[in-house]
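Trainee: Please work out how this folds:
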Amino acid sequence: MNKHEILKKYFGYDSFRNAQETLIDSILSGKDTVGIMPTGAGKSLCFQIPALMMDGITLVVSPLISLMKDQVGSLNQAGIHAAYLNSSLTVNQYYKALEFARQGRYPIIYVAPERLLTEEFLDFACHTRIAMVAVDEAHCVSQWGQDFRPSYLKIVGFIERLPRRPVVSAFTATATKEVRDDILDILQLRDPLVMTTGFDRGNLYFGVMTPKDRYAAVKNYLECHPGNSGIIYCLTRKIVEEVCDRLRQDGFLVTRYHAGLSDQERKRNQDDFIYDRIPIIVCSNAFGMGIDKSNVRFVLHYGMPKNIESYYQEAGRAGRDGEPAECILYYSGRDVITNQLFIDNNQDNNELDAVTKAIVKERDRERLKKMTFYCFTNECLRDYILKYFGEYGSNYCGNCSNCMTQFEQTDVTEIARALIGCVKSSRQRYGTTVIIDTIHGANTAKIKNYRMNENPYYAVSSKVPTYRIRQVLNHLQLEEYLFITNDEYAVVKLTEKSEEILENDGQIIMKLAKESDRPIKESGSKGRKSKSSLFKEGEFTEKEEALFEKLRTLRTEIAREEKVPPYIVFSDKTLTHMCIVKPKTKREMLAVSGVGEFKFEKYGERFLNGIAAWEDG
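Mentor: Just a heads-up that it's a prediction; the model follows:
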């Protein structure tokens, strides 16, 4: 079979997406290949399809057991024999899988990097034709990546031990220029094709809010989106427990996930979410990598992550089916302090020498600052993320909270002068709260103890609300008129640009939301109260929504019979297409996106019967 026939037969698609075919052709020509593609863009097909056409076995190096299980499960459901080799297998299972591999039963084998240089695996690999080594989540090879795994450094040593060098391919969704360079250098790729298809996920709505009551905001969001599947990320295990308990008490069907739970409970709770038994999971950042659940309609962050890479990766778990989904970040100033503590007490890089560890810590602090600026900016949120990864857009996406808020240009020069003057006159000794309270004229014990009530700028902005003063301070930091130190006691410092405001007649003009827009921005979800954000307004009739629910129920029945997650049977996007096409024959069903010949033979008739029964009803 050629690549198009494989695409249709096993995966159910009529054509390749952006860049997939180019990457596949590069691998098939024997060229080392790097693909940097956003989550949901179909990276896996770029190495899975060549693997089915090459002479020999493709080894896919993957960092997590859950990721391997999900990928192998999906391949087996599509009719492709695949296996994984990791610590979840018993000794007997491991040797049996190796024996089947030697017999040529598996064109694709997923393997944990820790296994590569073990005696048993090396013996297998050196006596088998390895056609390709595909490195999934390739950013893990870089110490500048957000998920650096020292075990990934074993990949090159493994390849060097093989009697014949295979094609090497590497794929990731999040990679800055530094990480990209590391992937090329550390994996020792030879004249590779490097293709970056862009990081934009146009189906995702991005929002940032600073509610006084985060829990109330999340609760309101869930009430506005009943029945939708989603993830709520929290910064600490304690917050995971608190939010999960409160949501249960308020009648929501939720589960939890963090590293403090037993392996058994983590697996049970993860499966409940993946298999659609429980629609919402409250979790720490320990959850998500390797979870390919396609029908996640929202990702809420109950606190700010420590860098843009982590945020975009976690937010990217929404809308993997390409349908509309929402990513909302609920920000508080305390999130910065919490993340600084994480950075200062990081134990993940103990294998690094002291100098390198210090450099990594400083990089982490700088990345935290960029993440914080994301929460401050009034510019397009999508554009901010894309610029971070080296892409440049129009600064207007029309699908983020900033683009959907009406702003007006406001002169904040007097507030800016007061802030900068207060910092200078107090000899750059205090943090943001003291500076803000001073120019606002707060009568607190701390202000009196520091004698800031005697500062020449005390109460000069007493008529300005504190939230507005904080907005201006954030803007001054964003525009580098002020600098806040990264150490344990964050202190506001002057910069080279500070004197421009104090000594010159320069203006500070800032985009500020019109007061009438503030409640809209804080509502959290563009004001929609639909049954499911999957359905675009006017696209489905009420009757077709009923058909979708009928097909989803049928999918759940089949998934239980097969003991697989429902989205592995068919994705929500495929069910949506069925509702639009309403196929009556095999030929019409095979025209539905995501329905291949193998899956039609397994499930096609049952879905055709379900659609026919709905139409008769």
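Trainee: When you work out contacts or count neighbours from here on, use the C-alpha atoms and nothing else.
Mentor: OK.
Trainee: what secondary structure does Tyr10 sit in?
Mentor: helix (DSSP: H, G, I helix; E, B strand; the rest coil).
Trainee: next one: Tyr205
Mentor: strand.
Trainee: Excluding chain neighbours, what is closest to it?
Mentor: Glu326 (4.7 Å; C-alpha to C-alpha, 6 or more residues apart in numbering).
Trainee: partners of the helix or strand harbouring that neighbour in the sheet?
Mentor: Assigned by DSSP states H and E, Glu326 falls within strand 325-330. Using DSSP bridges, the strands paired with strand 325-330 are strand 204-209 (parallel), strand 296-302 (parallel).
Trainee: So Ala97 is in contact with His81, correct?
Mentor: No - contact status for Ala97 versus His81: not in contact, 11.7 Å apart, counting by C-alpha atoms under 8 Å.
Trainee: quick revisit: so what angle separates the directions of the following helix or strand past the strand holding Glu326 and strand 296-302?
Mentor: Following strand 325-330 in sequence order, the next helix or strand is helix 334-344 (DSSP H and E). Interaxial angle, helix 334-344 versus strand 296-302 (axes from the mean of the first three to the mean of the last three C-alpha atoms, to 10 degrees): 90 degrees.
Trainee: Can you show me the CA trace of helix 334-344 as PDB?
Mentor: Only the C-alpha atoms of helix 334-344 are listed here, as PDB (Å, rounded to 0.1, in the frame of the first residue of the first chain):
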ATOM      1  CA  ARG A 334       0.500  34.800  44.900                       C
ATOM      2  CA  ASP A 335       1.100  32.500  42.000                       C
ATOM      3  CA  VAL A 336       4.400  34.200  41.300                       C
ATOM      4  CA  ILE A 337       5.600  33.600  44.900                       C
ATOM      5  CA  THR A 338       4.500  30.000  44.700                       C
ATOM      6  CA  ASN A 339       6.300  29.400  41.400                       C
ATOM      7  CA  GLN A 340       9.500  31.100  42.700                       C
ATOM      8  CA  LEU A 341       9.500  28.700  45.600                       C
ATOM      9  CA  PHE A 342       9.200  25.800  43.100                       C
ATOM     10  CA  ILE A 343      12.200  27.100  41.200                       C
ATOM     11  CA  ASP A 344      14.300  27.700  44.200                       C
END
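Trainee: could you point out which element follows it?
Mentor: Using DSSP H and E, the helix or strand that directly follows helix 334-344 along the chain is helix 354-376.
Trainee: mean confidence score for that next one?
Mentor: The pLDDT scores in helix 354-376 average 86.
Trainee: Same check on stretch 121-141?
Mentor: 93.
Trainee: who has more neighbours, Ala97 and His81?
Mentor: When Ala97 and His81 are compared for neighbours, Ala97 comes out ahead with 20 against 16, by other C-alpha atoms under 10 Å.
Trainee: Please list all residues in contact with the more buried one.
Mentor: Residues in contact with Ala97 (C-alpha atoms under 8 Å, 6 or more residues apart in numbering) are 83, 85.
Trainee: Secondary structure class of it, three-state.
Mentor: Applying three-state DSSP: Ala97 is helix.
Trainee: Cool, thanks, talk later.
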